[in-house]
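[1] model this:
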Amino acid sequence: MKRVSSYLKMRVLGAIEGAPGETIIARIHHVSEQVFLDEDGQRFRFTWRTIQTWYSRYKKDGTTTVLPKPRSDKGKTRKMAPEDVLEAIEQVRGRFHGPYNITAFYRACIEHGLLQRERIAPNTFRRVVKAHELLKPDAEVSLLTRAEGKAFQIDPEGHDVRCERRLIAEARRLNAAGKMLAPIIDDAHLMDVTALRKIRLLFEDFPKNHCLVLVAQPELLQNLTLTVNEDLKNRVTYSVLLKKLAPDSIADFIRAELDKSALAHSTFSDDALSLIVRSSEGGLRKARNLCLGALLEAVRDRTRTVELKQVNRVLLQPHWRKEVDLPH
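    Just a heads-up that it's a prediction; the model follows:
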């Protein structure tokens, strides 16, 4: 099986919009039960964790993250990140039941084109899996703990317990130096509640003058309102909902970005700018991606000014259209 194409990833992400469910997690679970066809008609089905990873990257960086990029270290010795290995494992985990075998996981990842032998050898795969315990159900929590270790500039290697001890010791050292801790977790709504609960237990041993900042979609609040998660909700000391930006603010943002790029404000016609502002629905990332797509269309048309036709061509792309507008 070949590697998943950008076209197929965008189809999966597009299906989330129209999937039933009151929360994004519910919609992602529903999409994970569907079968998708790639350009050659080959059937694919993805785990909810894989779709969740793609969705998180798409929301954070836009469409460019699902497109193949040339490696900056081409021709040099490379080392795969544990997160990449975990994503490959999650895609083949459903094939295994009962006692697992690391070699079988590696072979399955290679056969499905999720990993390449020239990038990660069998012994390296085994070492990464064992060091980060990637075959455990809570492997995501383990990686998060190590990410916190890197943020605190301490050695994240070793067993989770030792890593947690070093985190606590470093937090107490910073507190003794008169510094306050404020770790920030972005896209926290994509985290499993179990991971949040384990982070809470870890922070129980931290100095009391710290705070954890979670940046998330409203789905996180909905999950915390459940009775089973009341222990987490009771620890929320402050929350705020960020409203969508007004049209004038979006237009000012676009003009400011043009200034940074040394482009004239007339690069976008008044009609094109108005359409971009309306279509962005108050979101900066939508506005940025729509402007970028329109500029690319203008380059293809060999024109210096973005008009309505360039913006409309971008809006006709599947990921910009609503489910009801897509052909069946």
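[2] Contact partners for residue 43?
    Taking Cβ atoms under 8 Å, 6 or more residues apart in numbering as the contact definition, residue 43 lies against 35, 36, 37. Backbone N, C-alpha and C define where each C-beta goes, glycine included.
[3] which one among those gets closest to residue 202?
    Proximity of those to residue 202 (Cβ to Cβ) peaks at residue 36, which lies at 37.7 Å.
[4] ok, back up a step: list buried residues within the contacts of residue 43.
    With burial judged by 16 or more other Cβ atoms under 10 Å, the buried subset of the contacts of residue 43 is residue 36.
[5] Export the contacts of residue 43 to CSV and append columns for distance to residue 194 and pLDDT.
    Written out in CSV, the entries for the contacts of residue 43 read as follows (distance: Cβ to Cβ, whole Å; pLDDT from 0 to 100):
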residue, distance to residue 194, pLDDT
35, 28, 89
36, 28, 86
37, 34, 84
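[6] Distance to residue 263 and secondary structure for the contacts of residue 43 - can I get that in JSON lines?
    Compiled in JSON lines, the contacts of residue 43 are given as follows (distance: Cβ to Cβ, whole Å; DSSP: H, G, I helix; E, B strand; the rest coil):
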{"residue": "35", "distance to residue 263": "44", "secondary structure": "coil"}
{"residue": "36", "distance to residue 263": "39", "secondary structure": "strand"}
{"residue": "37", "distance to residue 263": "40", "secondary structure": "strand"}
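[7] now the contacts of residue 43 in a markdown table, with distance to residue 287?
    Listed next are the contacts of residue 43 as a markdown table, based on distance: Cβ to Cβ, whole Å:
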| residue | distance to residue 287 |
| --- | --- |
| 35 | 34 |
| 36 | 29 |
| 37 | 32 |
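[8] List just the nearest of the contacts of residue 43 to residue 317.
    Within the set of these, residue 36 lies nearest residue 317; the separation is 17.7 Å, counting by Cβ to Cβ.
[9] What's opposite the closest one in the beta bridge?
    Counting by DSSP bridges, residue 36 forms beta bridges with residue 44.
[10] tell me the contacts of it?
    Here residue 36 is in contact with 8, 11, 12, 15, 43, 44, 45, 46 (Cβ under 8 Å, 6+ apart).
[11] What residues does the closest residue to the fourth one other than its chain neighbours make contact with?
    Computed as Cβ to Cβ, 6 or more residues apart in numbering, the closest residue to residue 15 that is not its neighbour in sequence is residue 31, at 4.9 Å. By Cβ under 8 Å, 6+ apart, residue 31 lies in contact with 12, 15, 16, 19, 48, 51.
[12] burial of the residue lying closest to the fifth one once chain neighbours are set aside, as a residue count?
    Using Cβ to Cβ, 6+ apart and skipping residues adjacent in sequence, the residue nearest residue 48 is residue 32, 3.9 Å away. The criterion is other Cβ atoms under 10 Å. On that basis, residue 32 has 18 neighbouring residues.
[13] what does the model give residue 32 for pLDDT?
    According to the model's per-residue confidence, residue 32 sits at a pLDDT of 90.
[14] For this protein, which segments count as strands?
    In the chain, strands defined by DSSP state E lie at 36-37, 43-44, 184-186, 213-215, listed in chain order.
[15] Out of those strands, the one nearest residue 320 is which?
    The nearest among the strands of the chain, by Cβ to Cβ, is strand 36-37 at 19.2 Å.
[16] how far does the closest one sit from the chain's center?
    Its chain's average C-alpha position is 22 Å from that of strand 36-37, according to Cα atoms, centre = their mean, to the nearest Å.
[17] next one: stretch 54-62
    Taking Cα atoms, centre = their mean, one finds the center of stretch 54-62 at 4 Å from the center of the full chain.
[18] which residues touch it?
    Defining contact as Cβ under 8 Å, 6+ apart, one finds that stretch 54-62 is touched by 9, 12-13, 16, 24, 28, 65-66, 186-187, 190, 285, 288-289, 292.
[19] Of those - the most surrounded one?
    Sorting these by how many neighbours each has (other Cβ under 10 Å) puts residue 28 first, at 25 neighbours.
[20] Pretty sure residue 269 sits against residue 309.
    No - the pair residue 269 and residue 309 fails to qualify as a contact (Cβ atoms under 8 Å) at a distance of 10.3 Å.
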